[in-house]
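J.: Show me the folded form of this:
(chains A and B)
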Number of protein chains: 2
Amino acid sequence: MEILKQRILSDGVELGTEILKVDSFLNHQIDIELIRQIGQEFARRFQKENITKILTIESSGIAVACATSFCLGDVPVIFAKKEKASSMTDEYYCAEVKSFTKGTISMVRVNKKFLHSEDTILIIDDFLAHGEAASGLINIVKQAGARLAGVAIVIEKEFQGGGEKIKEQGIRLESLAVVCSMQEGKIRFR
Amino acid sequence: MEILKQRILSDGVELGTEILKVDSFLNHQIDIELIRQIGQEFARRFQKENITKILTIESSGIAVACATSFCLGDVPVIFAKKEKASSMTDEYYCAEVKSFTKGTISMVRVNKKFLHSEDTILIIDDFLAHGEAASGLINIVKQAGARLAGVAIVIEKEFQGGGEKIKEQGIRLESLAVVCSMQEGKIRFR
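T.: So this is what the prediction gives:
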């Protein structure tokens, strides 16, 4: 998606060779016009899949997931929870998610009431790096016995290997911008 | 907002007299059609205020904030961060937020680059209970020297006092459903 790549080049900030900071338009301040275009593009790519629900993870996937739903007939968006709250009194699908940057393992949860075996799920997230968050969500879709239409990612950092992990499971992956390296202060796309 | 009140009555679950669980349509699974209507209603109420940015807090405010922006000319949405990530290398406005349910105090942060004294800000959140999250966001708007157009809330639990705290500062508060009590398993609206 050319407009997104241009935006990454103009407003993205590389912190070393691993972290790409896009807080000015994607995951802290949200450029709503851009998010709307991203939603339209995801919807175009998955429109024939008869998606019944979109699954994402808090927080940065929520805006993109909602924008995509707006173009896919307002299907429900479910965001997996990272924290256990006192109101979580039902049964949950759980999956472990490792964070490479923080060095922690956390549990993500989705209420069992919201995913069913008849569902066709589209997983959406802002970033794909080592693939840990996506793997957790894929795991939850499998537990629910639902059909997984694919994984839709705004920015994939190809060099961190998450995309490979998903594709070798036979899962369709659609990334709008694929960064193949961030060396010497220069972002290169595939 | 009648459709919202009806939905709370049909799908909301009271956990004791303090917690109202609405995870089936607002803060875990998101009913996108309802969120769109909520966004239209917030936009209608604040359309004359020349809002330049919407400020919310992760995670449950994000969907509503985006839906409102769609109806207010795609103004940027900024969500305050609850965690400090390794990519947060700039200067931040910070405010303490107490959680009554968890008994914790956490820090919320907004990058100083995204709020300016020329901005007119609309604060949006899913719930208003004791008013701690809203107070934190109001504090951040004040630090930035921006104009605050008001606070827009989907569900206010009036009996927990947050609304009073906001209004006594002379700040405009718009809540779409105001719960005045949850006693004996019955939700009563103002």
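J.: If the residue nearest the centre of chain A is in a bridge, with which residues?
T.: Geometric centre of chain A, nearest residue: A:Asp125, 1.2 Å, by CA atoms, centre = their mean. As for beta bridges, A:Asp125 partners with A:Ile153 under DSSP bridges.
J.: And the longest helix seen in chain A, what does it pack against?
T.: Secondary structure of chain A per DSSP state H: the longest helix is helix A:32-46. Helices and strands touching helix A:32-46, as assessed by 3 or more CB pairs under 8 Å, 6 or more residues apart in numbering or on different chains; DSSP states H and E, comprise helix A:2-11, helix A:62-70, strand A:120-128, strand A:147-157, strand A:173-183, helix B:62-70. (C-beta placed from N, C-alpha, C; glycine too.)
J.: Tabulate these in a markdown table, adding columns for mean pLDDT and distance to B:Asn50.
T.: Listed next are the helices and strands packed on helix A:32-46 as a markdown table, based on pLDDT from 0 to 100; distance: least, CB to CB, whole Å:
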| stretch | mean pLDDT | distance to B:Asn50 |
| --- | --- | --- |
| helix A:2-11 | 98 | 25 |
| helix A:62-70 | 98 | 23 |
| strand A:120-128 | 98 | 30 |
| strand A:147-157 | 98 | 30 |
| strand A:173-183 | 97 | 32 |
| helix B:62-70 | 98 | 14 |
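J.: I figured the residue nearest to the centre of chain A hits A:Gly131, correct?
T.: No: A:Asp125 is not in contact with A:Gly131 according to CB atoms under 8 Å; the separation is 10.0 Å.
J.: interface residues of chain A facing chain B?
T.: A:15, A:19, A:21, A:23-24, A:28-33, A:35-36, A:58-59, A:62-63, A:66-67, A:69-70, A:74-79, A:81, A:85-87, A:89, A:101-102, A:110-111, A:113-114 (CB under 8 Å from any CB of the partner chain).
J.: Report the inter-axis angle for the helix or strand that the longest helix of chain A is followed by versus helix A:32-46.
T.: Sequence-wise, the next helix or strand beyond helix A:32-46 is strand A:53-57, with elements assigned using DSSP states H and E. Angle, strand A:53-57 to helix A:32-46, by axes from the mean of the first three to the mean of the last three CA atoms, to 10 degrees: 130 degrees.
J.: Other residues contacting strand A:53-57?
T.: A:62, A:64-65, A:68-69, A:72, A:75-80, A:82, A:97, A:108, A:110, A:114-115, A:119-125, A:133, A:136-137, A:140-141, A:146 (CB atoms under 8 Å, 6 or more residues apart in numbering or on different chains).
J.: Select, out of the helices and strands packed on helix A:32-46, the one closest to B:Tyr93.
T.: Taking CB to CB, helix B:62-70 is the member of the helices and strands packed on helix A:32-46 nearest to B:Tyr93, at 17.5 Å.
J.: pull the CA atoms of the closest one into PDB?
T.: Provided in PDB are the C-alpha atoms of helix B:62-70 (Å, rounded to 0.1, in the frame of the first residue of the first chain):
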ATOM      1  CA  ILE B  62     -10.600   3.800  21.100                       C
ATOM      2  CA  ALA B  63     -13.500   2.400  19.100                       C
ATOM      3  CA  VAL B  64     -15.900   5.100  20.200                       C
ATOM      4  CA  ALA B  65     -13.300   7.800  19.700                       C
ATOM      5  CA  CYS B  66     -12.600   6.600  16.100                       C
ATOM      6  CA  ALA B  67     -16.300   6.400  15.300                       C
ATOM      7  CA  THR B  68     -16.800  10.000  16.500                       C
ATOM      8  CA  SER B  69     -13.900  11.200  14.500                       C
ATOM      9  CA  PHE B  70     -15.400   9.700  11.400                       C
END
